[in-house]
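Q: The sequence and its predicted three-dimensional model are supplied below.
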There are 2 protein chains.
Amino acid sequence: MKRDPAIVLVSGGLDSCVTAAMAGRQYDLAFLHVNYGQRTERRELTACSAIADHCGVGRRLIVDIGHLLQIGGSSLTDRHIPVPESGRIQGGEIPSTYVPFRNTHLIAIAVSWAEVIGAKKVFIGATEMDSSGYPDCRRAYFDAYNKLIRLGTRPETDISIETPLIDLSKEEVVRRGLELKAPLHLTWSCYKNEDVACGRCDSCVLRLKGFRLAGVPDPIPYLS
Amino acid sequence: MKRDPAIVLVSGGLDSCVTAAMAGRQYDLAFLHVNYGQRTERRELTACSAIADHCGVGRRLIVDIGHLLQIGGSSLTDRHIPVPESGRIQGGEIPSTYVPFRNTHLIAIAVSWAEVIGAKKVFIGATEMDSSGYPDCRRAYFDAYNKLIRLGTRPETDISIETPLIDLSKEEVVRRGLELKAPLHLTWSCYKNEDVACGRCDSCVLRLKGFRLAGVPDPIPYLS
């Protein structure tokens, strides 16, 4: 039986890989990957392509947006702002790795594409619990975005954002990935490096904690 | 006295020109112009730059986004879909010139920039009344977007979209522009042509109607 199409925003990290594995049980997947001038842009694209190959996803859209780099204001896009080590981020503070309003751009691209290819679902692997505290990764934000989509697209469309990981801890994300045989060895999460993960940035530390609590080794290489 | 900064989305058309003139009475303006692969991309940028020069706006961000062209689905970005003449659009129908979810992309860029430069207002010259009926040009859409901005940006920011033309007819837009001495002669609205306006597309027809009802000649050249 022909399955409905769904778009998955795939950065190439752990969360998007597991999200793709979850979505793939029900939908015919189309991967959207966005290069926005982040430090590890090439490594993330490599990871995304490897995951797509592994999962047999042929429909892919790779988009380059230069404006988040032009605009700056984040340590992920501005080389003059250092990427902080995880322990140096104060609780409740939004870290410098926050890219202003980034997810709004990524989801807007996915929604435009969904409208054209007739997909009703846009999957994004956002997690609210074990996250860096970015404002655009919270359930309330996605609820508001779904309302915007209903109002801002053609009336005959019915597109919504799905966030299957939103309430999961990183440990649970790893466990779901293992259950679904998601290709976690192909993912890349480090904010800083493109060859061997630093193990110290917020993204590495959250990921490593997830694998540790799940009781399995993280299959990617880290600086010792 | 130093004035607060505000961003204006300036396509180079009549509406954005008048919006800039209105915003300029109170704010220190920064112009955002987005090339998204639309047919009249170069002509619109020329108009935007001329308006910025005329108004003495030095702070400008010109952004190129290729993805709306990659995605297609609109006669403004896909050369295989003809731009309809105004009379051929059925009432209530969303015309093929609708670019799926476009305004969400444009405003997202403006909001990211606003967050970095500390602007609290993003002006857009959307009109709900004398418009082509695009879903992303209605008050309810902008209200929903304002909620998304509050949720999706740093908590210490206070950014909102301003739509001063939303309830105006095209005639009223022209009248406001004349009152404020906005450089209407520098604007470009035609969806099809870059040299002499076609006078027949929806955008030309709406604009011409505005000037006619305001009782003044439209200062730009049209095909006779």
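A: Good, I have the coordinates.

Q: where exactly do the helices run in chain A?
A: Under the criterion DSSP state H, chain A contains helices at A:14-23, A:41-55, A:67-71, A:102-117, A:139-152, A:170-179, A:202-214.

Q: Please write out the alpha-carbon positions of the last one in PDB.
A: In other words, helix A:202-214. Extracted in PDB, the C-alpha atoms of helix A:202-214 (Å, rounded to 0.1, in the frame of the first residue of the first chain):
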ATOM      1  CA  ASP A 202      26.900  20.900  25.400                       C
ATOM      2  CA  SER A 203      25.800  18.700  22.500                       C
ATOM      3  CA  CYS A 204      28.500  16.100  23.100                       C
ATOM      4  CA  VAL A 205      27.900  16.100  26.900                       C
ATOM      5  CA  LEU A 206      24.200  15.600  26.500                       C
ATOM      6  CA  ARG A 207      24.700  12.800  24.000                       C
ATOM      7  CA  LEU A 208      27.300  11.000  26.000                       C
ATOM      8  CA  LYS A 209      25.100  11.100  29.100                       C
ATOM      9  CA  GLY A 210      22.300   9.500  27.100                       C
ATOM     10  CA  PHE A 211      24.500   6.600  25.900                       C
ATOM     11  CA  ARG A 212      25.900   6.200  29.400                       C
ATOM     12  CA  LEU A 213      22.500   6.000  31.100                       C
ATOM     13  CA  ALA A 214      21.300   3.600  28.400                       C
END
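
Q: outside of that helix, which residues touch it?
A: Residues external to helix A:202-214 that are found in contact with it (C-beta atoms under 8 Å, 6 or more residues apart in numbering or on different chains): A:13-14, A:84, A:86-87, A:89, A:95, A:97, A:130-132, A:169-171, A:173-175, A:178, A:189-191, A:197-199, A:217-218, A:222. Using the backbone N, CA and C atoms, a C-beta is placed for each residue, glycine as well.

Q: circling back to that earlier point, how about the helices of chain A in a markdown table, adding distance to residue B:158 and mean pLDDT?
A: Output for these, formatted as a markdown table (distance: least, C-beta to C-beta, whole Å; pLDDT from 0 to 100):
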| stretch | distance to residue B:158 | mean pLDDT |
| --- | --- | --- |
| helix A:14-23 | 30 | 98 |
| helix A:41-55 | 31 | 97 |
| helix A:67-71 | 18 | 92 |
| helix A:102-117 | 17 | 96 |
| helix A:139-152 | 16 | 97 |
| helix A:170-179 | 32 | 98 |
| helix A:202-214 | 26 | 96 |
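
Q: Residue B:137: which of the ones you listed is closest?
A: Evaluated with C-beta to C-beta, the helices of chain A place helix A:139-152 nearest to residue B:137, the distance being 9.2 Å.

Q: The closest one vs helix B:102-117, what angle?
A: Per axes from the mean of the first three to the mean of the last three C-alpha atoms, to 10 degrees, the angle that helix A:139-152 makes with helix B:102-117 is 140 degrees.

Q: So which of the helices of chain A is the most surrounded?
A: Sort the helices of chain A by mean neighbour count, taking mean count of other C-beta atoms under 10 Å in any protein chain shown, and helix A:14-23 sits at the top with a mean of 26.

Q: the inter-axis angle of that one versus helix A:41-55?
A: Orientation check (the same axes, to 10 degrees): helix A:14-23 against helix A:41-55 gives 20 degrees.

Q: ok, back up a step: from the contacts of helix A:202-214, list just the buried residues.
A: In the contacts of helix A:202-214, burial by neighbour count holds for A:13-14, A:84, A:86, A:89, A:95, A:97, A:130-132, A:169-171, A:173-175, A:189-191, A:197-199, A:218, counting by 16 or more other C-beta atoms under 10 Å in any protein chain shown.

Q: where's residue A:18 relative to chain B, distance?
A: Distance of residue A:18 to chain B, computed by C-beta to the nearest C-beta, to the nearest Å: 23 Å.

Q: dump the residue contacts of the closest residue in space to that residue that isn't next to it in sequence.
A: Leaving aside its chain neighbours, residue A:18 sits nearest to residue A:177 (4.1 Å; criterion: C-beta to C-beta, 6 or more residues apart in numbering or on different chains). Residue A:177 makes contact with A:14, A:17-18, A:21, A:184, according to C-beta under 8 Å, 6+ apart.

Q: thinking again about what came up before, may I see the helices of chain A arranged in TSV, with distance to residue B:71 as well?
A: Formatted as TSV, the helices of chain A follow (distance: least, C-beta to C-beta, whole Å):
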stretch	distance to residue B:71
helix A:14-23	20
helix A:41-55	18
helix A:67-71	17
helix A:102-117	5
helix A:139-152	15
helix A:170-179	30
helix A:202-214	29
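
Q: Out of these, the one nearest residue B:28 is which?
A: Ranking those by proximity to residue B:28 (C-beta to C-beta) places helix A:67-71 first, at 18.0 Å.

Q: So the closest one, near chain B or not?
A: Yes. Residues of helix A:67-71 are located near chain B by C-beta under 8 Å from any C-beta of the partner chain, namely A:67-68, A:70-71.

Q: with those residues in mind, which one is nearest to residue A:45?
A: After measuring the residues of helix A:67-71 next to chain B against residue A:45 - C-beta to C-beta - the closest member comes out as residue A:68, at 15.5 Å.

Q: Residue A:23 versus the closest residue to residue A:44 other than its chain neighbours, what's the distance?
A: In this structure, residue A:44 finds its nearest non-sequential neighbour in residue A:12, 4.2 Å apart by C-beta to C-beta, 6+ apart. Separation of residue A:12 from residue A:23 (C-beta to C-beta, to the nearest Å): 16 Å.

Q: same thing with residue A:35?
A: Distance, residue A:35 to residue A:23, by C-beta to C-beta: 22 Å.

Q: do residue A:123 as well
A: For residue A:123, the distance to residue A:23 (C-beta to C-beta) stands at 5 Å.

Q: what's the overlap in contacts for these two?
A: Counting by C-beta under 8 Å, 6+ apart, the residues touching both residue A:123 and residue A:23 are A:6, A:8, A:162, A:164.

Q: roughly how far is stretch A:142-156 from the heart of the chain?
A: With C-alpha atoms, centre = their mean, to the nearest Å as the basis, stretch A:142-156 stands 21 Å off its chain's centre.

Q: Over to stretch A:209-224?
A: So, by C-alpha atoms, centre = their mean, the centroid of stretch A:209-224 is 19 Å from its chain's centroid.
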